[in-house]
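Trainee: Attaching a predicted model along with its sequence, questions to come.
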Amino acid sequence: MNSDIDLLRLLKLRMLTSALAGHFERTLRDHLSNLAVMLHPRALLGDLIRFEKSAVKDQDAGLRELSKLYLPIARNPAINVQADLKPPLDIHTSTLDLIPASYSHTPEGGSKPITVVTPMRWVLCYKDLGPAQLREFVTSHNRSGGGELQSCLLHYLVLHMIVARSPGVAPILEALRFRVKSEPNPDFGGLPFVTITAPVATFRPSDQIILQSALLSGSPTFEEIVDLEATAGIPDPLGEQFQALVRQHEEAGA
């Protein structure tokens, strides 16, 4: 990783990063469209969802697991929403979406935090329920009564549960070179976010470059850039499995 770059090099790498991220996002969206049936909430909860007509096997067990995950998040002071879950559940969408993941970073010498976008890593969510919308629900739920926030939380939890199933979606995406991970988000009471990462690494350059870029653009947002040195070492699980099988057969025949 070479973090010692100037603004001209940053511009060139940013253009390359944008092209690569666009390619991987289009590819990933195509894969997800083919996996949409597996990621539909009804696959987990059946007719426990409002307006669903068909029951599915183990839907009551799915509701118990969902309630167990939901309760500590609902009671978290950062969320503080109704803790009871009673069917039918307000889970109203199954359309998937990808939102570039981001984190906050305050550059050394800077006075304000910068939002750093990771262009090769996305939050998997249901449409119109991305992190920004979730944050808005958290901010406004005392005025609105919390129904929208509860529904949004359920969508995240259901997606987390579906992706965690084995066998399921995660092994398929990982075989296609996309790494899937679900981890608690501390900003939202530990609510699990499912993220998908492309097989190309990005990095954050020096704080000096970030500050110069922010000054020129006037924007409090910065995008990581592709790590060209890391692209030479992209892992190939299929090739590694093939080589392992070859070695096993050679050793068996020795």
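Mentor: That came in fine, so what should we check first?
Trainee: Helix, strand, or coil at residue 31?
Mentor: helix (DSSP: H, G, I helix; E, B strand; the rest coil).
Trainee: so it sits right up against residue 175, yeah?
Mentor: No: the pair residue 31 / residue 175 is not scored as a contact, 10.3 Å apart, by Cβ atoms under 8 Å. C-beta here means a position set from N, CA and C on the backbone, and glycine is covered the same way.
Trainee: which of those two has more neighbours?
Mentor: A count of neighbours by other Cβ atoms under 10 Å puts residue 31 above the other of residue 31 and residue 175, at 14 against 10.
Trainee: State the distance from the residue nearest to the more buried one when sequence neighbours are not counted to residue 241.
Mentor: When the adjacent residues along the chain are set aside, residue 31 lies closest to residue 176, with 6.0 Å between them (Cβ to Cβ, 6 or more residues apart in numbering). When distances are taken as Cβ to Cβ, to the nearest Å, residue 176 and residue 241 turn out to be 15 Å apart.
Trainee: pLDDT value on the residue nearest to residue 31, please?
Mentor: pLDDT for residue 176: 91.
Trainee: residue ranges of the helices in the stretch 101-250 of the chain, please?
Mentor: The residue ranges that make up the helices of the stretch 101-250 of the chain, judged by DSSP state H, counting those that start in this stretch, are 131-144, 147-164, 169-175, 207-217, 228-231, 237-252.
Trainee: Mean neighbour count, those helices: which tops it?
Mentor: Per-stretch averages of neighbours, counted by mean count of other Cβ atoms under 10 Å, single out helix 147-164 among the helices of the stretch 101-250 of the chain, with a mean of 21.
Trainee: what sits up against that helix?
Mentor: If you take Cβ atoms under 8 Å, 6 or more residues apart in numbering as the criterion, helix 147-164 is touched by 38-39, 41, 43-45, 62, 65-66, 69-70, 73-74, 79, 81-82, 85, 89-93, 124-126, 129, 133-134, 137-138, 141, 168-170, 180, 182, 191-194.
Trainee: Just these: which are in strands?
Mentor: Judged by DSSP state E, the subset of the contacts of helix 147-164 located in strands is 124, 125, 126, 180, 182, 191, 192, 193, 194.
Trainee: Determine which two of the residues you listed are furthest apart.
Mentor: Of all pairs drawn from the ones in strands among the contacts of helix 147-164, the one with the longest distance (Cβ to Cβ) is 180 and 191, at 17.0 Å.
Trainee: neighbour-wise, which of the two wins?
Mentor: It is residue 191, of residue 180 and residue 191, that has more neighbours when counted by other Cβ under 10 Å, with 24 against 18.
Trainee: and residue 117, how many neighbours?
Mentor: Counted with other Cβ under 10 Å, the neighbours of residue 117 add up to 17.
Trainee: Use 45 as the first number for this chain going forward.
Mentor: Sure thing, new numbering starts at 45, so read that last one as residue 161.
Trainee: doesn't residue 266 make contact with it?
Mentor: Yes: applying Cβ under 8 Å as the test, residue 161 and residue 266 come out as touching, 7.1 Å apart.
Trainee: can you give me phi and psi for residue 102?
Mentor: Dihedral angles phi and psi of residue 102 (degrees, to the nearest 10) take the values phi 70, psi 20.
Trainee: State the distance from it to residue 243.
Mentor: Plainly put, residue 102 is 34 Å away from residue 243 if you go by Cβ to Cβ.
Trainee: Look at those two and report which has more neighbours.
Mentor: Summary of the neighbour comparison: residue 102 and residue 243, criterion other Cβ under 10 Å, with residue 243 having more neighbours (15 against 12).
Trainee: That one reaches residue 222, doesn't it?
Mentor: Yes: between residue 243 and residue 222 there is a contact at 7.2 Å, judged by Cβ under 8 Å.
Trainee: Give me the three-state assignment for the residue nearest to residue 163 when sequence neighbours are not counted.
Mentor: The shortest distance from residue 163 to any residue that is not its chain neighbour, by Cβ to Cβ, 6+ apart, is 4.0 Å, and that residue is residue 65. For residue 65, the assignment made with three-state DSSP gives helix.
Trainee: Many thanks, we can stop here.
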